[in-house]
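Engineer: predicted coordinates and the sequence they were generated for:
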Amino acid sequence: AQSVTQLDSHVSVSEGTPVLLRCNYSSSYSPSLFWYVQHPNKGLQLLLKYTSAATLVKGINGFEAEFKKSETSFHLTKPSAHMSDAAEYFCVVTYNNAGNMLTFGGGTRLMVKP
Amino acid sequence: ETGVTQTPRHLVMGMTNKKSLKCEQHLGHNAMYWYKQSAKKPLELMFVYSLEERVENNSVPSRFSPECPNSSHLFLHLHTLQPEDSALYLCASSQDLAVNTGELFFGEGSRLTVL
């Protein structure tokens, strides 16, 4: 069964400092990986996706993620946090043989201090 | 106009009530989904529809009944719910069912409280 683990339920950074949100997935077949963001009282929005092309993926709002097969990781980073980045972030995995199933991680709440 | 619209945004109901959640997508997508988001739990897929036919039902209790009258509209009918059903119910759509290469577009959710 596919699974995805977000290692931190909460991350707090100061504005202007780097952001690192960690995600590990179960190793099986070739995954497609996504990061979604959910701002308060809003639906989820796709930040970026990896589908077996370039391992370093750039997304919206300055976020990027690197697919590392040897570490089964897909960590989300941003060089400099902005107050508007405060939200919940979800790492999501699916596989070519998984049909319609997207598996969501438990989420990481990012807090940005002024 | 947002791509995926859900109504109502908030709903409080008793355990004996019957209510419905509505979702409408203006994106011309062929697939629609219901997800349940509970506190401290990962997002749970409930139902998937493709071209108005149900293609996935993840062991959801029968007190939740979906309806997809056309490719733009999706309903979730609620009947004799339990307090543990209180959650944020999210509707999403995608161009096709190929979610491994595609993107889900989510509505803002319907916050349900069951008393």
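Structural biologist: Cool, the structure landed.

Engineer: show me what from chain B comes close to chain A.
Structural biologist: Within chain B, the positions adjacent to chain A are B:4, B:31, B:40-43, B:45, B:48, B:55-56, B:90, B:92, B:97, B:99-101, B:103-104, B:106-109 by C-beta under 8 Å from any C-beta of the partner chain. From N, CA and C alone the C-beta is placed, and that goes for glycine too.

Engineer: any low-confidence regions in chain A?
Structural biologist: A:1-2, A:27-28, A:96-100 (pLDDT under 70).

Engineer: how about the residues of it near chain B?
Structural biologist: Counting by C-beta under 8 Å from any C-beta, the residues of chain A that sit close to chain B are A:32, A:36, A:41-46, A:49, A:51, A:90, A:94-96, A:98-107.

Engineer: can I have the buried ones of the residues of chain B next to chain A as a PyMOL selection?
Structural biologist: In PyMOL syntax, the buried subset of the residues of chain B next to chain A is picked out as below (16 or more other C-beta atoms under 10 Å in any protein chain shown):
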select buried, chain B and resi 4+31+42+43+45+48+56+90+92+97+99+100+104+106+107+108+109
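
Engineer: filter the residues of chain B next to chain A down to just the ones in strands.
Structural biologist: B:4, B:31, B:45, B:48, B:55, B:56, B:90, B:92, B:106 (DSSP state E).

Engineer: dump those residues to a markdown table, plus pLDDT.
Structural biologist: Listed next are these as a markdown table, based on pLDDT from 0 to 100:
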| residue | pLDDT |
| --- | --- |
| B:4 | 96 |
| B:31 | 91 |
| B:45 | 90 |
| B:48 | 91 |
| B:55 | 83 |
| B:56 | 74 |
| B:90 | 96 |
| B:92 | 94 |
| B:106 | 94 |
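
Engineer: just the closest of the residues you listed to residue A:71, please.
Structural biologist: Set against residue A:71, the nearest of these by C-beta to C-beta is residue B:45 (27.2 Å).

Engineer: quick check: that closest one touching residue B:32?
Structural biologist: No. Contact criterion C-beta atoms under 8 Å: residue B:45 and residue B:32 do not qualify, at 11.9 Å.

Engineer: low-confidence stretches in chain B?
Structural biologist: Residues of chain B that meet the criterion pLDDT under 70 lie in B:1-2, B:98-102.

Engineer: next, name the residue at the spatial heart of it.
Structural biologist: Central residue of chain B (C-alpha atoms, centre = their mean): residue B:34, 2.8 Å from the mean position.

Engineer: that residue touches residue B:47, doesn't it?
Structural biologist: Yes. With contact defined as C-beta under 8 Å, residue B:34 reaches residue B:47; the gap is 4.6 Å.

Engineer: list residues touching both of these two?
Structural biologist: B:66, B:76 (C-beta atoms under 8 Å, 6 or more residues apart in numbering or on different chains).

Engineer: tell me where chain A has strands.
Structural biologist: For chain A, strands defined by DSSP E occupy the ranges A:4-6, A:10-14, A:19-21, A:23-25, A:31-38, A:44-50, A:56-58, A:64-68, A:73-78, A:87-95, A:103-104, A:108-113.

Engineer: and the residue of chain A closest to chain B?
Structural biologist: residue A:43 (3.2 Å; C-beta to the nearest C-beta).

Engineer: please look at that residue and residue B:104 and confirm they touch.
Structural biologist: No. Taking contacts as C-beta under 8 Å, residue A:43 lies outside contact range of residue B:104: 9.3 Å.

Engineer: so in terms of bridging, what pairs with residue A:34?
Structural biologist: In this entry, residue A:34 is beta-bridged to residue A:49, residue A:92, by DSSP bridges.
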